[in-house]
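A.B. asks: Quick one, fold the following:
(chains A and B)
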2 protein chains.
Amino acid sequence: QHEFTLNDQLAVNALRFMSIDMIENAKSGHPGSPIGMAPLAYTLWEKFLNFNPDDPQWINRDRFVLSGGHCSALLYSLLHFNGFNVSLDDIKHFRKLGSKTPGHPEYQLTPGVDASTGPLGQGFAMAVGMAMAERHLAVQYNEPGYPLFDHYTYSIVGDGDLMEGVAEESINLAGKNRLGRLIVLYDSNDVTLDGPLNLSTNENAAARFKAAHWDYQLVEDGTDLDAIAQAIRNARQTDQPSLIEVKTIIGFNTPDEGTSKVHGSPLGDHNVAITRENYGWPYAPFEYPTAVYEQFAQYAGAKEEKYQAWQKLYEGYQQKYPAAAHQLEQKYLDTAHLASHHQVGDQVSTRVANAETLQDLAAANPQLWGGSADLFSSNKTNLKGDQVFKPSNYGGRNIYFGVREFAMAAAVNGINLHGGSSAYCSTFMVFSDYLKSAIRLAALQHLPSVFIFTHDSLAVGEDGPTHEPVEQLAMLQTIPNVQVFRPADANEVVRMWKIIAQTNDRPSVIIASRQNLPVLKETINADVSRGAYVAADAANGQPAGIIMATGSELSLALAAKQQLATQHGIEVRVVSMPSMERFNQQTAEYRERVLPHNVRARLAVEMASPALWGQYVGLDGDVLGVDEFGMSGNGSQVAAQYGFTSENVVQRFLSVLRKG
Amino acid sequence: QHEFTLNDQLAVNALRFMSIDMIENAKSGHPGSPIGMAPLAYTLWEKFLNFNPDDPQWINRDRFVLSGGHCSALLYSLLHFNGFNVSLDDIKHFRKLGSKTPGHPEYQLTPGVDASTGPLGQGFAMAVGMAMAERHLAVQYNEPGYPLFDHYTYSIVGDGDLMEGVAEESINLAGKNRLGRLIVLYDSNDVTLDGPLNLSTNENAAARFKAAHWDYQLVEDGTDLDAIAQAIRNARQTDQPSLIEVKTIIGFNTPDEGTSKVHGSPLGDHNVAITRENYGWPYAPFEYPTAVYEQFAQYAGAKEEKYQAWQKLYEGYQQKYPAAAHQLEQKYLDTAHLASHHQVGDQVSTRVANAETLQDLAAANPQLWGGSADLFSSNKTNLKGDQVFKPSNYGGRNIYFGVREFAMAAAVNGINLHGGSSAYCSTFMVFSDYLKSAIRLAALQHLPSVFIFTHDSLAVGEDGPTHEPVEQLAMLQTIPNVQVFRPADANEVVRMWKIIAQTNDRPSVIIASRQNLPVLKETINADVSRGAYVAADAANGQPAGIIMATGSELSLALAAKQQLATQHGIEVRVVSMPSMERFNQQTAEYRERVLPHNVRARLAVEMASPALWGQYVGLDGDVLGVDEFGMSGNGSQVAAQYGFTSENVVQRFLSVLRKG
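C.D. replies: Residues are numbered from 1 along each chain as shown, chains lettered A, B, ... in the order given. You can find the predicted model right below:
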C-alpha cells in the first residue's frame, strides 16, 4: 500500500521543472541536485515538516536547512508551492539583482529560509545549533501539558558538505549531545563539481556516522517516496541524531544524468527539451498545472492545524506561566545592574573583567548561554554555578564544544538563528582564524552571535608566534556588519557589554587580554558606544598631536602623554578607540571632534597589524604596530622587543612631529 | 622476550624529567603529555625513526610531526639526547626570548623540527602532505636499484588534534590516497585542557578511522615499549595509513595524573618532588646520568649506517641519472620561456591567464604540482595532459583534494616542507576563509606554498554574497611574510609568476578574476616585482592627482583618467598596485617616485574592503571600495550597483579634488 499518489509524482516533477525553468531563465544556477533530490525534499516538506507560510518565524516550527545552498532553486520552488510569499514573478527573477530569490538562500531576505547557506558544511553545523537550542529551550520552558518546544530540525546535505571539516566536527558535536531531533538527509549522488565522488573520497558514510553514535539508514532508491517517508518516520523514533543516506542520481532523467556536467550550469534548450520528454512534462516554462497547486494544498491543512494548536497552547502557557512567556519574548539582555568590579588602579586582565561582566549578565538573563572550544579555563567564559549542557541535562548553560572552533561558531549561529536564547562562544584570538567564515555568516545573516577571543596580542608571551595574534584584529575588523571591541580595561568592558546586550542585528567580537591591565581613571566615562573618544586631552586644549590606542596599549599611550608633557613640554591628546567600526559610523561632526582634521601629527599604537590605521593617521602620521610574527618569551619582554614601551611611543611621536 | 632493557626505561624517564625540568625552570609549559607519551615517542625515535642529527634536512629521513606542539618539551628532549644541535643550555632557555627552544616547535629555528605546530590538527595535515610528497617523489625519481625515496612519515597526535575539522579532513585525504607510509600514533589519554575528554566527545576512534580505510591498532598500555614497537612494526607492513591508538595517562606518576590539572601548567616544586620519588629519579634538575646519553647513543649507529648507505646510493644515482639528480636539486622554477598568450585588447579573465601561465610553467618544471578543493573546473588549475594523483598513479600531478580547503592548504604546506617538489592549491577566494590559518603557518615557516584564489570580487555575480569576497583581500594582505598579488590582466599575471617562481622563503597568494578583463597596453612593462608602478602618467607630467587600482579595477581607473582629461581637462596619474606587500618593501625613494608625497588628491579603486588603502590615500584622499556584503545578480550590474563604473570613479576623484 503506497501512501503517495500520481499527483505526488506530478508535484515532485513540478519542483524539478520549476528549478529547471528558473535556472534556464537566469542562465545561471545548479540544476542537477534539485532534480535529483526533489523526491526527498518533497517527502520531507509535505509529509513531515511543520511550518506556517503566513508565520515563517513561528518559533516551534520545524527547522529546515538546505546545507548545499547552491540547490536554492529547489528551496524557492518548495516555498512557492507551499504558499510562502515567493511569487511566480519572484521565481522568474531568480539570481537577478534585488530579487527575493538570490543565487544562494539568504536568511531574512526570503520568507521561509531558515539559514543562509552556500559555504559548504556550515548549513549542517547551523542545523546542529538549532537542534541544541530546541532541546535547551524545551528544558527551560516546557511545562507539564505545555510542550512549547518539541520540533525537529532537518537538514539536507550533499557529498560536498560532508567532506568539509566543519561538517565532520558537527557530526561529532551532534553525536556527543545525542540530538535525537536532528534528522539529516544525505543527498548521496556520488558526484561533485569536478567529477565522480571517488576522485576525492572513499569514506564509508555509514561507518563514519555510526562512529559518532548516529542512527544511520540507507534509502537505495532516491525516487521512492514511500521508502523516504518510512526512513524519516524511523528517524523520528530514535533518540540519536539520524542520518538518512538517500541514493539519488544527479540530473536524473536529463541527458547527462549522473555526471558533473549537470552540476553547475543550466541544461540548455536542447537538453531541457529532452528532459521534458523523459518526464512527460508537457508544460511551457513557468507553466504549472493547477493540479500541482492543489496537490501541495492537500498537505497545508494538517500543518495549519498543528500551528493553530500550538498557538492555543501558547495562549494557555502565557496565562499559566506569564513570567516564562515574558522571558521568552525578550529581545534584549537586561543590563540594568552591570557595573565594574574594580577600582581605578586595580590590575585585572580584560579576559577576567569580561568574565565578571558575563557572569553578572548571565545571572540576570537566563537566556544567555555559551561555551568554549576546550578553553573555558583560559577564556574564563564558563558560567560559574551553572551546569554542563549534555543529554542528561540540556538545561545546562555551559557548552563544551570540544576543540572544534568552526563548528562551535557555526552552531552558535544556529542557536541564534533558532531564537529564544542568546549564545556566545570563545577561544584564543589566534584561533579566530579557524572559525572566521562563521563570523562572516553571522554578519551576513544579521545574527547577534558574540565571539569572545582572549589572549589578544604578542603579550601572550611564552606560547610563541603560533599563539600570538598579529593580523587577526584586521581580519575581524574588515568583515562587514561586525562590531569588534578591544576594550582597554574593566571600565570599557562593562560599557562594551551594555552595547552588545542591546545589539540584535549583527555579531559582536570581544578581544581580551591574557595579561593584567591597569584600571584607568580616563575610561570611567568611556564613550565606547561611539567607538572612539578623547580619553585625555592636551592640558592647554591645543593638542600638538594625537596618540590613538586600543586595549592594552591605552595605558602606554597615556604614559607617553605624561612623559611628553613633563619631559618635552609637548601636550597631546590621547584617543581610545575600542571599536573602529562604531567610530566609522559616527557623524562627520563627532569624528572631527575626536580627530580634528587639521591636527596631523598622529600616532596610533596597537600591538597588531598596523594596516588599518592609515585611515586615521594619514600620510603624515605613523603607526606603532606589528607587521611580523611574534616570539616566544616573557610577555612583557616580547612586547618591549617589538617597541611597546612608553619611551618608544614618545620617540615615535617625536619623529612624527619632526617630520610634519 | 623483551627487546627493551632497564636502560631504555631510564632513558624514557630522562625524557620525562628533562621535560619537567625545563617547564619548571621556564615556569611555563605543558608537562602532562610529555610525561605520558615519553614511552611511545622514545620507542618511535630510537627503534624506528631514521635521521641524522648532523644533517637534519636529509631528504629521505623519516619525517616526524608532533601535531600537539604544546608538547614541545618532549621534542626538545628527544633532539638533545639524540645529538641534534640543541644543547643543555638551549634546554635551560626553554620559552625564553630568542632561544632555540620556543613554546611551540618552530621549523627552521630548531634543527630536527620538521614542522611548526601548535594550532591543533594542522600538524596531522602537514604529515599527510609529507606522505603524499614521499610517494610522488618515489615515482618521479626512484629507479631500479635506486630507491631514493622510501621513508616513512610519523606523527603523534592527541585528543585535541583529532577533534579539529582539519584533522578529520586529513583522515579522509590520507585514507583515499592510501598513504601506507603514514603512521600516526594517537596519544590517547582521555583528557583535554578543560577536563575529561568525555565532556566534549564520544567518537569511537577505531570505527572512525576504519570508515576512512585506515589500519587501526590499539596499544592498551602506553608504558609497554614492546607493545608499542610491535604495533609500529605492524603498521609498517600495511599498505593503508595506520593509526596506533596508545592509551596513556597524562602526567603519569605525578600526584595529579590522569587529570587536566597537569595539562598546561608547571607541576610546581612539591609535586615535582613527589614525582621524582615515584619514578625513583634521584637526579637534580638538569642533571642526567651518563648512562642515559650512552643509551641513546646505542641507537645512533644503525641510523648513521642507513644515512651513509643512502648517501652512497645517491652518489651512484647522480652518476647514472644526472638529469634527474640535477632536477631534484633545483631550488627555483625555470621561467625562461614564460610569455603572455594574449595581445593588447584581448579579453581574458585572470583565472584563465593564470591557468595558461601555470601550464607553461608546469611543462618546463616537472617538480610543480598541485590541486583544487573540488573546483578544478572553475579555478582552471588542473594541469592539462597530466594525470590524477592516486594510489595507482602517485606520479600524477593533479591532486583532487575534495571539498577540504583547510586540509588541502595544510597538506600543501606539508609537501613543501618535505622538499623536492613545489606545490600549489586553489579554491574560490571567498573560501580562503576556510584555510586562512594554513596560509599563516606557511608564512611562519617560510614555505613557498602558492595559494590560487579565483572569483575575486562582487563581479562573481549570480552566486551572491556568500560567494563574493569583500574582506578576504585585507585578511590575506595583513598576514606577515606573505606576498599577495592581484594582477590586472594577463601581462601582470606572467610577471607575477616570474616573481613567484623565484621565491622560496614565503608563500604567495594569487587573486584572479572570474570575469574577462581587457589586456592592457599599460601593463606590458608592468613592474610587478616592485608591487606598484605608474601605469599611465599625466600627459603634462604634472599629475593633479593619483588614481590607484588593482586587478579588474585598473582598466576602470584608466578609463576614468581618459574621461578626466578629455571631459574635464584634468591630468591624473594611474598607479597599478598588484602587490601592496612588495610595494611597502621598496625604498622610500621608489615609493616617493610612484606616490609623490605632495600629491594629495588620491583615490584608490578596488572592489574590496577599503580599510587598507588609508595608508596610501591619507586623510585628504578617498577610497572607492566595498564595505558591505555583495548581492546576487549579473556581475556587471552588481559592480555598477556598488559604484564601480568609470563615471563614478571620475565623480569620486572630482570630489577629492574639490575637498583638497
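A.B. asks: what residue ranges in chain A score low on pLDDT?
C.D. replies: Along chain A, segments meeting pLDDT under 70 span A:1.
A.B. asks: care to break chain A down by domain?
C.D. replies: A:6-305, A:347-518, A:529-659 (automatic domain parsing).
A.B. asks: So which bits of stretch A:551-563 are buried?
C.D. replies: A:551, A:552, A:553, A:554, A:555, A:556, A:557, A:558, A:559, A:560, A:561, A:563 (16 or more other C-beta atoms under 10 Å in any protein chain shown). Where you see a C-beta, it was placed from the backbone N, CA and C, and this is true even at glycine.
A.B. asks: can you tell me the helix or strand for the residue in the stretch 301-450 of chain A that chain B sits nearest to?
C.D. replies: Nearest to chain B in the stretch 301-450 of chain A, going by C-beta to the nearest C-beta, is residue A:402, at a distance of 3.3 Å. Assigned by DSSP states H and E, residue A:402 belongs to no helix or strand.
A.B. asks: Go ahead and confirm residue A:346 touches residue A:519.
C.D. replies: Yes - with contact defined as C-beta atoms under 8 Å, residue A:346 counts as touching residue A:519 (4.5 Å).
A.B. asks: what about the residue of the stretch 451-600 of chain A at minimum distance from chain B, how many residues close to it?
C.D. replies: Residue of the stretch 451-600 of chain A nearest chain B, by C-beta to the nearest C-beta: residue A:466 (3.4 Å). For residue A:466, the neighbour count with other C-beta atoms under 10 Å in any protein chain shown is 27.
A.B. asks: show me the contacts for the nearest residue to it once chain neighbours are set aside.
C.D. replies: For residue A:466, ignoring the flanking residues on the chain, the nearest one in space by C-beta to C-beta, 6 or more residues apart in numbering or on different chains is residue B:118 at 3.4 Å. Counting by C-beta atoms under 8 Å, 6 or more residues apart in numbering or on different chains, residue B:118 touches A:463, A:464, A:466, A:467, B:69, B:70, B:103, B:104, B:105.
A.B. asks: mind checking how far residue A:295 is from residue B:445?
C.D. replies: Counting by C-beta to C-beta, to the nearest Å, the separation of residue A:295 from residue B:445 is 60 Å.
A.B. asks: what about the strands in the stretch 551-660 of chain A?
C.D. replies: Along the stretch 551-660 of chain A, the segments classed as strands by DSSP state E, counting those that start in this stretch run A:572-576, A:602-605, A:622-624.
A.B. asks: same deal with the stretch 201-350 of chain A?
C.D. replies: A:215-219, A:242-247, A:347-349.
A.B. asks: And the stretch 351-500 of chain A, by the same measure?
C.D. replies: So, for the stretch 351-500 of chain A - with DSSP E, counting those that start in this stretch - the strands run A:368-372, A:398-400, A:422-428, A:450-454, A:483-485.
A.B. asks: Using JSON lines, lay out these together with mean neighbour count and distance to chain B.
C.D. replies: Formatted as JSON lines, the strands of the stretch 351-500 of chain A follow (neighbours: other C-beta atoms under 10 Å in any protein chain shown; distance: least, C-beta to the nearest C-beta, whole Å):
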{"stretch": "strand A:368-372", "mean neighbour count": "27", "distance to chain B": "7"}
{"stretch": "strand A:398-400", "mean neighbour count": "26", "distance to chain B": "4"}
{"stretch": "strand A:422-428", "mean neighbour count": "27", "distance to chain B": "10"}
{"stretch": "strand A:450-454", "mean neighbour count": "26", "distance to chain B": "13"}
{"stretch": "strand A:483-485", "mean neighbour count": "25", "distance to chain B": "12"}
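A.B. asks: could those strands be laid out in CSV, adding distance to residue A:504?
C.D. replies: Below are these laid out as CSV (distance: least, C-beta to C-beta, whole Å):
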stretch, distance to residue A:504
strand A:368-372, 13
strand A:398-400, 21
strand A:422-428, 9
strand A:450-454, 11
strand A:483-485, 12
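A.B. asks: out of those strands, nearest to residue B:336?
C.D. replies: Proximity to residue B:336, assessed across the strands of the stretch 351-500 of chain A by C-beta to C-beta, is greatest for strand A:422-428 (46.2 Å).
A.B. asks: starting at the chain centroid, how far to the closest one?
C.D. replies: 11 Å (C-alpha atoms, centre = their mean, to the nearest Å).
A.B. asks: Who are the packing partners of it?
C.D. replies: strand A:368-372, helix A:376-379, helix A:405-418, strand A:450-454 (3 or more C-beta pairs under 8 Å, 6 or more residues apart in numbering or on different chains; DSSP states H and E).
A.B. asks: go again using 6 Å as the cut-off
C.D. replies: strand A:368-372, helix A:405-418, strand A:450-454 (3 or more C-beta pairs under 6 Å, 6 or more residues apart in numbering or on different chains; DSSP states H and E).
A.B. asks: Out of the ones you listed, which is closest to residue A:24?
C.D. replies: Judged by C-beta to C-beta, the one of the helices and strands packed on strand A:422-428 that comes nearest to residue A:24 is helix A:405-418, at 31.9 Å.
A.B. asks: other SSEs contacting the closest one?
C.D. replies: helix A:122-141, helix A:165-176, strand A:422-428, helix A:432-444.
A.B. asks: send the alpha carbons of that helix over as CSV?
C.D. replies: Coordinates of each C-alpha in helix A:405-418 appear next as CSV, following Å, rounded to 0.1, in the frame of the first residue of the first chain:
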residue,chain,number,x,y,z
GLU,A,405,36.2,26.1,16.7
PHE,A,406,34.5,26.2,13.4
ALA,A,407,31.5,24.0,14.3
MET,A,408,31.3,25.9,17.6
ALA,A,409,30.9,29.2,15.9
ALA,A,410,28.5,27.9,13.3
ALA,A,411,26.4,26.1,15.9
VAL,A,412,26.2,29.3,17.9
ASN,A,413,24.9,30.9,14.7
GLY,A,414,22.4,28.1,14.6
ILE,A,415,21.3,28.7,18.2
ASN,A,416,20.8,32.4,17.5
LEU,A,417,19.0,31.7,14.2
HIS,A,418,16.7,29.5,16.2
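A.B. asks: list the contacts for residue A:555?
C.D. replies: residue A:518 (C-beta atoms under 6 Å, 6 or more residues apart in numbering or on different chains).
A.B. asks: about what we covered before: residues contacting the residue of the stretch 451-600 of chain A closest to chain B?
C.D. replies: Counting by C-beta under 6 Å, 6+ apart, residue A:466 has contacts B:104, B:118, B:119.
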